[in-house]
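# Build me a model:
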Amino acid sequence: MTLDGKCLQTINCQQGAVRAVRFNVDGSYCLSCGGDKTLKLWNPRKALLLKTYSGHGNEVLDACGSCDNGQIASCGADKSVILWNVSTGTPLRRLRAHASRVNCVRYNEESSVIVSGSHDNTVMFWDCRSRKNDPIQVLRDAKDSISSLQVTDHEILVGSLDCHFRRYDLRMAEMTSDFVGEPVTFISFTRDGQCMVVSCSDNTVRLFDKDTGELLGEYSGHSSGDYCMESASIERDTHVISGSADGNVWCWSLVGGEVVTKLPHGGKTSVVHSISPHPTESYILTASGATVRLWGFPGVEELEEDVT
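Model (predicted):
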(Lines give C-alpha, C1' and ligand atoms only; values in the text may rest on other atoms or scores of the structure.)
Protein backbone atom coordinates (compact mmCIF):
# COMPACT_ATOMS: atom_id res chain seq x y z
CA MET A 1 0.00 0.00 0.00
CA THR A 2 1.47 3.33 -1.07
CA LEU A 3 0.99 6.65 0.62
CA ASP A 4 2.14 9.63 -1.41
CA GLY A 5 2.78 12.83 0.52
CA LYS A 6 2.87 16.29 -0.99
CA CYS A 7 4.63 19.33 0.48
CA LEU A 8 1.97 22.03 0.70
CA GLN A 9 3.92 24.75 2.49
CA THR A 10 7.44 25.56 3.68
CA ILE A 11 7.96 28.00 6.55
CA ASN A 12 11.29 29.70 7.23
CA CYS A 13 10.83 30.24 10.95
CA GLN A 14 13.89 32.48 11.43
CA GLN A 15 14.41 31.16 14.97
CA GLY A 16 17.77 29.53 14.53
CA ALA A 17 17.23 25.78 14.76
CA VAL A 18 13.61 24.75 15.29
CA ARG A 19 13.63 22.38 18.27
CA ALA A 20 10.01 21.25 17.98
CA VAL A 21 6.84 21.93 15.99
CA ARG A 22 3.35 21.28 17.37
CA PHE A 23 -0.19 21.62 16.03
CA ASN A 24 -2.70 23.26 18.35
CA VAL A 25 -5.69 21.30 19.65
CA ASP A 26 -7.81 21.61 16.48
CA GLY A 27 -4.99 21.80 13.95
CA SER A 28 -5.73 25.35 12.79
CA TYR A 29 -2.42 26.76 14.02
CA CYS A 30 0.99 25.53 15.02
CA LEU A 31 3.81 26.43 17.40
CA SER A 32 7.51 26.42 16.56
CA CYS A 33 10.09 26.25 19.35
CA GLY A 34 13.31 28.05 18.53
CA GLY A 35 16.96 27.78 19.41
CA ASP A 36 16.93 31.60 19.63
CA LYS A 37 14.85 31.42 22.87
CA THR A 38 11.57 32.36 21.12
CA LEU A 39 8.26 30.62 20.59
CA LYS A 40 6.21 31.45 17.48
CA LEU A 41 2.55 30.95 16.57
CA TRP A 42 1.77 30.31 12.89
CA ASN A 43 -1.00 29.71 10.44
CA PRO A 44 0.78 26.81 8.72
CA ARG A 45 -1.47 26.77 5.68
CA LYS A 46 -0.45 30.30 4.74
CA ALA A 47 3.01 30.37 6.37
CA LEU A 48 1.72 33.39 8.28
CA LEU A 49 3.39 34.45 11.53
CA LEU A 50 0.75 35.45 14.07
CA LYS A 51 2.73 36.06 17.28
CA THR A 52 6.21 35.78 18.76
CA TYR A 53 6.66 34.94 22.45
CA SER A 54 9.93 35.97 24.09
CA GLY A 55 10.83 35.25 27.70
CA HIS A 56 12.81 32.04 27.94
CA GLY A 57 16.44 32.34 28.97
CA ASN A 58 17.63 29.56 26.68
CA GLU A 59 16.41 27.32 23.86
CA VAL A 60 12.68 26.51 23.79
CA LEU A 61 12.37 22.72 23.60
CA ASP A 62 8.62 22.02 23.55
CA ALA A 63 5.22 23.72 23.70
CA CYS A 64 1.53 22.89 23.89
CA GLY A 65 -1.66 24.91 23.36
CA SER A 66 -4.60 24.77 25.77
CA CYS A 67 -7.95 23.25 24.81
CA ASP A 68 -9.56 26.69 24.33
CA ASN A 69 -6.53 28.12 22.45
CA GLY A 70 -6.30 30.87 25.06
CA GLN A 71 -3.01 29.81 26.64
CA ILE A 72 0.29 28.17 25.72
CA ALA A 73 2.63 26.19 27.93
CA SER A 74 6.28 26.06 26.86
CA CYS A 75 9.46 24.64 28.35
CA GLY A 76 13.13 24.97 27.69
CA ALA A 77 16.79 24.55 28.47
CA ASP A 78 16.51 27.32 31.09
CA LYS A 79 14.88 24.73 33.45
CA SER A 80 11.56 26.58 33.38
CA VAL A 81 7.97 26.11 32.24
CA ILE A 82 6.19 29.28 31.11
CA LEU A 83 2.43 29.78 30.82
CA TRP A 84 1.57 32.37 28.14
CA ASN A 85 -1.46 34.44 27.23
CA VAL A 86 -1.93 33.72 23.52
CA SER A 87 -3.43 37.06 22.48
CA THR A 88 -1.20 39.44 24.46
CA GLY A 89 2.00 37.40 24.24
CA THR A 90 2.80 38.03 27.89
CA PRO A 91 3.96 35.31 30.32
CA LEU A 92 1.35 34.63 32.99
CA ARG A 93 3.50 32.39 35.20
CA ARG A 94 7.04 31.04 35.32
CA LEU A 95 7.34 27.64 36.95
CA ARG A 96 10.82 26.80 38.23
CA ALA A 97 11.20 23.60 40.20
CA HIS A 98 13.06 21.34 37.79
CA ALA A 99 16.78 20.96 38.42
CA SER A 100 17.72 20.65 34.75
CA ARG A 101 16.39 21.41 31.26
CA VAL A 102 12.71 20.66 30.67
CA ASN A 103 12.35 18.47 27.57
CA CYS A 104 8.60 18.14 27.16
CA VAL A 105 5.34 19.73 28.27
CA ARG A 106 1.64 18.83 27.87
CA TYR A 107 -1.76 19.93 29.16
CA ASN A 108 -4.33 17.57 30.60
CA GLU A 109 -7.61 17.32 28.70
CA GLU A 110 -9.26 20.26 30.51
CA SER A 111 -6.05 22.33 30.40
CA SER A 112 -6.28 22.76 34.17
CA VAL A 113 -2.96 21.01 34.80
CA ILE A 114 0.39 21.27 33.02
CA VAL A 115 2.60 18.16 32.95
CA SER A 116 6.34 18.59 32.34
CA GLY A 117 9.20 16.12 31.94
CA SER A 118 12.83 17.00 32.58
CA HIS A 119 16.42 15.91 32.22
CA ASP A 120 16.38 15.69 36.03
CA ASN A 121 14.43 12.38 35.69
CA THR A 122 11.16 13.79 37.09
CA VAL A 123 7.66 14.48 35.81
CA MET A 124 5.95 17.42 37.49
CA PHE A 125 2.30 18.50 37.63
CA TRP A 126 1.36 22.18 37.86
CA ASP A 127 -2.07 23.57 38.74
CA CYS A 128 -2.92 26.28 36.18
CA ARG A 129 -5.70 27.70 38.35
CA SER A 130 -3.60 28.12 41.48
CA ARG A 131 -1.31 31.05 42.22
CA LYS A 132 1.22 28.74 43.82
CA ASN A 133 4.32 28.08 41.76
CA ASP A 134 5.17 24.74 43.37
CA PRO A 135 4.23 21.49 41.60
CA ILE A 136 1.20 19.70 43.00
CA GLN A 137 2.75 16.28 42.32
CA VAL A 138 6.14 14.86 41.27
CA LEU A 139 6.77 11.46 39.68
CA ARG A 140 10.24 10.08 40.41
CA ASP A 141 10.04 6.58 38.93
CA ALA A 142 12.41 7.20 36.00
CA LYS A 143 16.14 6.59 36.47
CA ASP A 144 17.22 8.76 33.53
CA SER A 145 16.06 11.77 31.52
CA ILE A 146 12.38 12.08 30.56
CA SER A 147 12.32 12.27 26.77
CA SER A 148 8.60 12.61 25.99
CA LEU A 149 5.08 12.78 27.40
CA GLN A 150 1.57 12.04 26.19
CA VAL A 151 -1.51 12.91 28.25
CA THR A 152 -5.11 11.74 27.72
CA ASP A 153 -8.23 12.17 29.83
CA HIS A 154 -7.09 9.52 32.33
CA GLU A 155 -3.62 8.33 31.30
CA ILE A 156 -0.09 9.70 31.22
CA LEU A 157 2.49 8.04 28.99
CA VAL A 158 6.14 8.74 29.85
CA GLY A 159 9.20 7.81 27.79
CA SER A 160 12.63 7.81 29.39
CA LEU A 161 16.25 7.24 28.42
CA ASP A 162 16.39 4.57 31.15
CA CYS A 163 15.04 2.13 28.49
CA HIS A 164 11.54 2.10 30.01
CA PHE A 165 8.21 3.63 29.17
CA ARG A 166 5.65 4.04 31.92
CA ARG A 167 1.90 4.40 31.76
CA TYR A 168 0.06 6.00 34.67
CA ASP A 169 -3.66 5.25 34.93
CA LEU A 170 -5.12 8.12 36.93
CA ARG A 171 -8.50 6.43 37.42
CA MET A 172 -7.02 3.24 38.87
CA ALA A 173 -4.03 4.95 40.53
CA GLU A 174 -1.74 2.41 38.87
CA MET A 175 1.61 2.59 37.11
CA THR A 176 2.72 0.08 34.46
CA SER A 177 6.39 0.00 33.46
CA ASP A 178 7.71 -1.75 30.33
CA PHE A 179 11.38 -2.41 29.61
CA VAL A 180 12.31 -1.90 25.95
CA GLY A 181 16.04 -2.60 26.12
CA GLU A 182 17.01 0.65 24.39
CA PRO A 183 16.68 4.30 25.44
CA VAL A 184 13.21 5.59 24.58
CA THR A 185 13.52 8.88 22.67
CA PHE A 186 9.83 9.47 21.92
CA ILE A 187 6.49 7.84 22.66
CA SER A 188 2.89 8.42 21.60
CA PHE A 189 -0.49 6.71 21.48
CA THR A 190 -1.99 5.56 18.20
CA ARG A 191 -5.10 7.46 17.23
CA ASP A 192 -7.42 4.74 18.54
CA GLY A 193 -5.57 4.78 21.87
CA GLN A 194 -5.02 1.02 21.82
CA CYS A 195 -1.30 0.93 21.01
CA MET A 196 1.87 2.90 21.65
CA VAL A 197 4.43 4.01 19.06
CA VAL A 198 7.89 4.03 20.66
CA SER A 199 11.04 5.52 19.09
CA CYS A 200 14.33 4.09 20.38
CA SER A 201 17.95 5.10 20.01
CA ASP A 202 18.83 1.91 18.07
CA ASN A 203 17.27 3.27 14.84
CA THR A 204 14.05 1.36 15.43
CA VAL A 205 10.43 2.38 16.00
CA ARG A 206 8.38 -0.19 17.91
CA LEU A 207 4.64 -0.72 18.25
CA PHE A 208 3.31 -2.07 21.57
CA ASP A 209 -0.15 -3.13 22.64
CA LYS A 210 -1.26 -0.83 25.45
CA ASP A 211 -3.06 -3.39 27.59
CA THR A 212 -0.73 -6.40 27.28
CA GLY A 213 2.61 -4.72 26.54
CA GLU A 214 3.09 -7.12 23.60
CA LEU A 215 5.46 -6.05 20.83
CA LEU A 216 3.31 -5.87 17.68
CA GLY A 217 5.74 -4.48 15.13
CA GLU A 218 9.15 -2.98 14.40
CA TYR A 219 10.01 -0.33 11.82
CA SER A 220 13.57 0.39 10.72
CA GLY A 221 15.74 1.80 7.93
CA HIS A 222 15.92 5.37 9.15
CA SER A 223 18.77 6.84 11.23
CA SER A 224 18.29 8.35 14.68
CA GLY A 225 21.85 9.56 15.17
CA ASP A 226 22.25 11.21 18.56
CA TYR A 227 18.82 12.83 18.39
CA CYS A 228 15.57 12.21 20.22
CA MET A 229 13.75 11.34 17.00
CA GLU A 230 9.97 11.76 17.04
CA SER A 231 7.44 9.35 15.53
CA ALA A 232 3.67 8.93 15.26
CA SER A 233 0.86 6.96 13.67
CA ILE A 234 -1.08 8.65 10.87
CA GLU A 235 -3.79 8.07 8.30
CA ARG A 236 -6.31 6.34 10.57
CA ASP A 237 -3.56 4.23 12.15
CA THR A 238 -2.61 2.58 8.86
CA HIS A 239 0.91 4.03 8.79
CA VAL A 240 3.79 4.92 11.12
CA ILE A 241 6.08 7.88 10.42
CA SER A 242 9.40 8.97 11.88
CA GLY A 243 11.98 11.65 11.40
CA SER A 244 15.49 10.68 10.38
CA ALA A 245 19.05 11.98 10.37
CA ASP A 246 19.20 11.45 6.58
CA GLY A 247 16.89 14.41 5.82
CA ASN A 248 13.78 12.31 5.11
CA VAL A 249 10.50 11.57 6.83
CA TRP A 250 10.13 7.78 6.75
CA CYS A 251 6.71 6.18 6.44
CA TRP A 252 5.93 2.49 7.01
CA SER A 253 2.82 0.36 6.75
CA LEU A 254 1.68 -0.19 10.33
CA VAL A 255 0.66 -3.81 9.74
CA GLY A 256 3.29 -5.00 7.26
CA GLY A 257 6.22 -2.89 8.45
CA GLU A 258 7.46 -2.17 4.92
CA VAL A 259 8.61 1.30 3.86
CA VAL A 260 5.91 2.90 1.71
CA THR A 261 7.43 6.34 1.12
CA LYS A 262 10.16 8.76 2.16
CA LEU A 263 9.41 12.48 2.20
CA PRO A 264 12.54 14.60 1.54
CA HIS A 265 12.52 17.55 3.94
CA GLY A 266 16.14 18.63 3.40
CA GLY A 267 19.49 17.44 2.15
CA LYS A 268 21.36 14.35 3.27
CA THR A 269 23.13 16.28 6.02
CA SER A 270 19.91 17.72 7.50
CA VAL A 271 18.06 16.10 10.40
CA VAL A 272 14.26 15.82 10.52
CA HIS A 273 13.73 15.37 14.25
CA SER A 274 10.30 16.80 15.10
CA ILE A 275 6.95 15.61 13.71
CA SER A 276 3.41 16.69 14.52
CA PRO A 277 0.41 14.89 12.97
CA HIS A 278 -2.81 16.85 12.56
CA PRO A 279 -5.30 15.84 15.29
CA THR A 280 -8.04 14.86 12.82
CA GLU A 281 -6.94 15.33 9.19
CA SER A 282 -4.42 13.61 6.91
CA TYR A 283 -1.46 15.96 7.06
CA ILE A 284 1.61 16.49 9.21
CA LEU A 285 4.18 19.10 10.16
CA THR A 286 7.90 18.35 10.16
CA ALA A 287 10.86 20.41 11.40
CA SER A 288 14.45 20.39 10.18
CA GLY A 289 17.02 23.11 10.71
CA ALA A 290 15.31 26.49 10.47
CA THR A 291 12.33 25.28 8.42
CA VAL A 292 8.95 23.71 9.04
CA ARG A 293 7.06 21.92 6.30
CA LEU A 294 3.37 21.08 5.96
CA TRP A 295 2.68 17.76 4.18
CA GLY A 296 -0.64 16.56 2.82
CA PHE A 297 -1.72 13.01 2.04
CA PRO A 298 -4.53 11.59 -0.13
CA GLY A 299 -7.91 12.89 0.96
CA VAL A 300 -6.82 16.44 1.82
CA GLU A 301 -8.17 18.17 -1.28
CA GLU A 302 -9.93 20.77 0.85
CA LEU A 303 -6.65 21.69 2.56
CA GLU A 304 -4.87 22.11 -0.78
CA GLU A 305 -7.63 24.49 -1.94
CA ASP A 306 -7.13 26.58 1.21
CA VAL A 307 -3.38 26.79 0.60
CA THR A 308 -3.78 27.93 -2.98
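
# how near is the closest residue to residue 234 other than its chain neighbours to residue 231?
Closest residue in space to residue 234, ignoring its immediate chain neighbours: residue 277 at 5.0 Å, by CB to CB, 6 or more residues apart in numbering. Heads up, the C-betas are built off the backbone N, CA and C, glycines and all. Applying CB to CB, to the nearest Å, the value for residue 277 to residue 231 is 10 Å.

# between the two, which one's more packed in?
For residue 277 and residue 231, the more surrounded residue by other CB atoms under 10 Å is residue 231, and the numbers stand at 27 against 21.

# Please read off the pLDDT at the nearest residue to the more buried one once chain neighbours are set aside from the model.
Residue nearest to residue 231 in three dimensions, not counting chain neighbours: residue 242, with 4.0 Å by CB to CB, 6+ apart. Residue 242 carries a pLDDT value of 95.

# got it, and residue 299?
Predicted confidence (pLDDT) for residue 299: 53.

# Give the bridge partners for residue 261, please.
residue 251 (DSSP bridges).

# pretty sure it is touching residue 221, no?
No. In this structure, residue 261 is not within contact of residue 221 by CB atoms under 8 Å, at 11.8 Å.

# And residue 137, how far from residue 74?
Residue 137 is 20 Å from residue 74, by CB to CB.

# Which one's more surrounded, those two?
Shown here are residue 137 and residue 74; by other CB under 10 Å, residue 74 has more neighbours (28 against 11).

# OK, contacts around that one?
Going by CB atoms under 8 Å, 6 or more residues apart in numbering, residue 74 touches 31, 33, 39, 53, 56, 60, 62-64, 81-82, 84, 105.

# same thing with residue 280?
26, 27.

# How about residue 262?
Contacts here follow CB under 8 Å, 6+ apart; on that basis residue 262 touches 248, 249, 250, 251.

# Could you do residue 115 as well?
Residue 115 makes contact with 105, 106, 107, 108, 123, 124, 125, 126, 149, 151, 156, according to CB under 8 Å, 6+ apart.

# List the buried residues for the helix or strand hosting residue 82?
Following DSSP states H and E, one finds residue 82 within strand 81-85. Judged by neighbour count (16 or more other CB atoms under 10 Å), strand 81-85 contains these buried residues: 81, 82, 83, 84.

# Could you list every helix and strand in contact with it?
strand 71-76, strand 91-95, strand 113-118 (3 or more CB pairs under 8 Å, 6 or more residues apart in numbering; DSSP states H and E).

# got the ones you listed as CSV, with mean pLDDT and distance to residue 177 columns?
Formatted as CSV, the helices and strands packed on strand 81-85 follow (pLDDT from 0 to 100; distance: least, CB to CB, whole Å):
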stretch, mean pLDDT, distance to residue 177
strand 71-76, 98, 24
strand 91-95, 95, 26
strand 113-118, 98, 15
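
# what about residue 171, neighbour count?
Other residues close to residue 171 by other CB under 10 Å number 8.

# what about the closest residue to it other than its chain neighbours, distance to residue 190?
Nearest non-adjacent residue to residue 171, counting by CB to CB, 6+ apart: residue 154, 4.7 Å away. Separation of residue 154 from residue 190 (CB to CB) stands at 17 Å.

# same thing with residue 30?
Residue 30 is 21 Å from residue 190, by CB to CB.
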